[in-house]
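Trainee: Take a look and give me a structure for this.
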Amino acid sequence: MPTSKFYQLISALFVTCLIISNIIAVKIGMFGSYFLPVAVILFPITYIIGDILTEVYGYSAARRAIWTGFACNLVAVIAIYIAMKIPSAPFFENQTAFEQILGFAPRLLIASFTAYLVGQFANSVVLAKMKIKTNGKHLWMRTIGSTIVGEGLDSMIFITLAFYGVMPTSAIGGLIITQWIFKTLFEVVLTPVTYAVVGYLKKTEQIDVYDKDTSFNPLSMK
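Mentor: Down below sits the predicted model:
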């Protein structure tokens, strides 16, 4: 990838949104008549940033950001786990609250990590391939189309792995659809912002990558 002024900054924002989303996701909020994890106010931004990274810098650059986010999130989880296991000072009275807010069940952790990787990579691959097919036209079609696929897989995988056998199947299906629609609408509403950022970066950085010869293997380091 050519020298970039903004790639590292955008990647840092991507990782920050991801980690904060996982921390605040423990709270279930009320959005009108719907109940959703409050992370829905921030997590969809990671997909918008993923779109921007793929559209401007290419799939390989987005792949690095996705794996960086995974690694940083893993570090955060390990640090929180160690912090919970360290004996509390005699005057610290909030250990239970600390564990309730920052603690995590292994099943939820596996669901979260799996959904993140599948959803983000699917989003990036779809956008990169659509860019080639459309010859770089119709950005709105690519960002929304890739989000429908990525966020759909993310919602389906996370909720199914996390709650199958715990919640009724009908409730799981409804929760998947609700999150999928909400996250996709988030992308639609912020499409003008995506256009503005992409246009600015392409003009400023003089970068506009087409992934015609790119390996889409998520494990490739090239």
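Trainee: can we go C-alpha only for contacts and neighbour counts from here?
Mentor: OK.
Trainee: tell me the contacts of the most centrally placed residue in the chain?
Mentor: Nearest to the geometric centre of the chain sits residue 46, at 4.3 Å (CA atoms, centre = their mean). Applying CA atoms under 8 Å, 6 or more residues apart in numbering to residue 46 gives the contacts 14, 17-18.
Trainee: elements contacting the helix or strand bottoming out on mean pLDDT in the chain?
Mentor: Lowest mean confidence among the helices and strands of the chain (mean pLDDT, DSSP states H and E): strand 34-37, at a mean of 78. For strand 34-37, the contact count by 3 or more CA pairs under 8 Å, 6 or more residues apart in numbering; DSSP states H and E identifies strand 28-31 as packing neighbours.
Trainee: what are the pairing partners of the strand it packs on, and which direction each?
Mentor: strand 34-37 (antiparallel) (DSSP bridges).
Trainee: any idea which residue of this structure is furthest from its center?
Mentor: residue 90 (38.9 Å).
Trainee: tell me the pLDDT at residue 163?
Mentor: On pLDDT, residue 163 comes in at 83.
Trainee: Isn't it up against residue 173?
Mentor: No: with contacts counted by CA atoms under 8 Å, residue 163 stays clear of residue 173, the gap being 10.6 Å.
Trainee: Send me the following helix or strand past the least confident helix or strand of the chain as CSV with only the CA atoms.
Mentor: Using DSSP states H and E, the helix or strand that follows strand 34-37 in sequence is helix 43-57. Extracted in CSV, the C-alpha atoms of helix 43-57 (Å, rounded to 0.1, in the frame of the first residue of the first chain):
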residue,chain,number,x,y,z
PHE,A,43,-20.5,-1.2,16.5
PRO,A,44,-22.0,-0.4,13.1
ILE,A,45,-19.4,2.3,12.8
THR,A,46,-16.8,-0.4,12.5
TYR,A,47,-18.5,-1.6,9.3
ILE,A,48,-18.5,1.9,7.9
ILE,A,49,-14.8,2.3,8.7
GLY,A,50,-14.2,-1.2,7.2
ASP,A,51,-16.0,0.1,4.0
ILE,A,52,-13.8,3.2,3.9
LEU,A,53,-10.6,1.2,4.4
THR,A,54,-11.5,-1.3,1.7
GLU,A,55,-12.8,1.3,-0.8
VAL,A,56,-9.7,3.6,-0.5
TYR,A,57,-6.8,1.4,0.6
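Trainee: That concludes my questions; thank you for your assistance.
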